[in-house]
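Student: The following comprises the amino acid sequence and a computationally predicted model.
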Amino acid sequence: MLEVAGLSVAYGGLRALTDVSLVVKEGQFVTVVGPNGAGKSTLFKTISGIVPPTGGQISFMGQNLSRLSAARRAHLGIAHVPEGRQVFKTLTVRENLEMGAYQKAGRKAWHHTLDRIHALFPILSERATQFAGTLSGGEQQMVAIGRGLASVPRLLMLDEPSMGLAPTVADTIFERVSQIHREDGVTILLVEQRVAEALELSDHGYVLETGRMVLDGNYETLLRDDRVRRSYLGVADG
Ligand code: ATP
């Protein structure tokens with residue numbers, strides 16, 4: 001479904017990604033982990049068309065994305081829920097969700113999608129007329145995910161949805177993401193710092209360090225890797 005091949009990105013003279021390749025098959029749940037500054041957000045921004053690459057290729061559903069704007073990519077079914085949530089604070093919860101449904105597919109399915117968003121996140125129905133800026137961090141993350149769903153995506157890219165949330169709230173978010181994957185059949189590409197929880201949900205995981213993919217594999221493979229155990233799972237050797 002999504003194929004990233006030999007992707008490189010630079011900000012001015014600074015290389016953020018070097019020769020990065022990744023494959024997400026339809027229906028999969030794929031996670032990218034790595035330390036701060038590794039380039040995870042840059043990878044997502046390049047896939048969604050916000051940041052231009054200096055080399056390499058990205059294709060989605062067999063179509064080369066290189067000449068397509070971010071809006072066209074959204075139209076093809078790529079939804080990007082950015083790091084730090086970035087809800088429109090002075091719009092209501094409902095208006096924020098509507099913003100996600102501005103394209104044709106989203107508008108057509110709007111009533112059905114809104115019911116689904118409320119079934120996943122009942123609190124958003126209660127808070128529909130409240131300004132999004134007054135919500136808790138967890139609720140804002142729910143709005144951000146809901147806004148992504150409102151576009152009726154084929155691929156939902158989530159950039160650190162658990163960031164800054166209490167563990168129990170993060171657990172709820174993970175459960176909902178898993179539900180969206182299982183029940184709605186949406187393909188998921190996730191960036192996460194909570195590595196153990198994220199890999200447990202995943203069909204495949206990638207490790208990105210200083211702009212390069214250094215390892216990938218399924219849950220069992222990554223769990224067996226000493227570097228992953230030490231650096232990301234806090235497991236001592238032996
Ligand atoms: P984090 O988890 O801390 O968000 P990350 O893995 O998502 O990290 P990126 O945000 O993609 O990493 O950053 C990768 C590198 O690119 C870092 O060295 C960062 O300082 C740099 N960078 C990111 N955005 C810009 C920008 N707009 N201009 C210049 N440099 C940038």
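Tutor: Nice, thanks for sending it over.

Student: and the residue nearest the centre of the chain, what is it in contact with?
Tutor: The centre of the chain sits closest to residue 158, judged by C-alpha atoms, centre = their mean, with a distance of 1.6 Å. By C-beta atoms under 8 Å, 6 or more residues apart in numbering, the residues touching residue 158 are 81, 145, 148, 177, 188-191. For glycine as for every other residue, the C-beta is placed from the backbone atoms N, C-alpha and C.

Student: ok, now residue 179?
Tutor: Residue 179 makes contact with residue 120, according to C-beta under 8 Å, 6+ apart.

Student: ok, now residue 208?
Tutor: With C-beta under 8 Å, 6+ apart, residue 208 has these contacts: 20, 32-34, 38-40, 43, 214.

Student: could you flag which of the residues you listed are buried?
Tutor: Buried members of the contacts of residue 208, counted by 16 or more other C-beta atoms under 10 Å: 20, 32-34, 38-40, 43.

Student: Which pair of these spans the longest distance?
Tutor: 20 and 33 (13.9 Å; C-beta to C-beta).

Student: now for stretch 200-216, what's the gap between its first and last residues?
Tutor: 14 Å (C-alpha to C-alpha, to the nearest Å).

Student: What residues of it count as buried?
Tutor: So, applying 16+ other C-beta under 10 Å, buried residues of stretch 200-216: 201-202, 204-209, 211, 213, 215-216.

Student: tell me the secondary structure for residue 113?
Tutor: Of the three states, residue 113 takes helix according to DSSP: H, G, I helix; E, B strand; the rest coil.

Student: That one - nearest residue in space that isn't next to it in sequence?
Tutor: Of all residues not flanking residue 113 in the chain, residue 150 sits nearest, at 5.4 Å (C-beta to C-beta, 6 or more residues apart in numbering).
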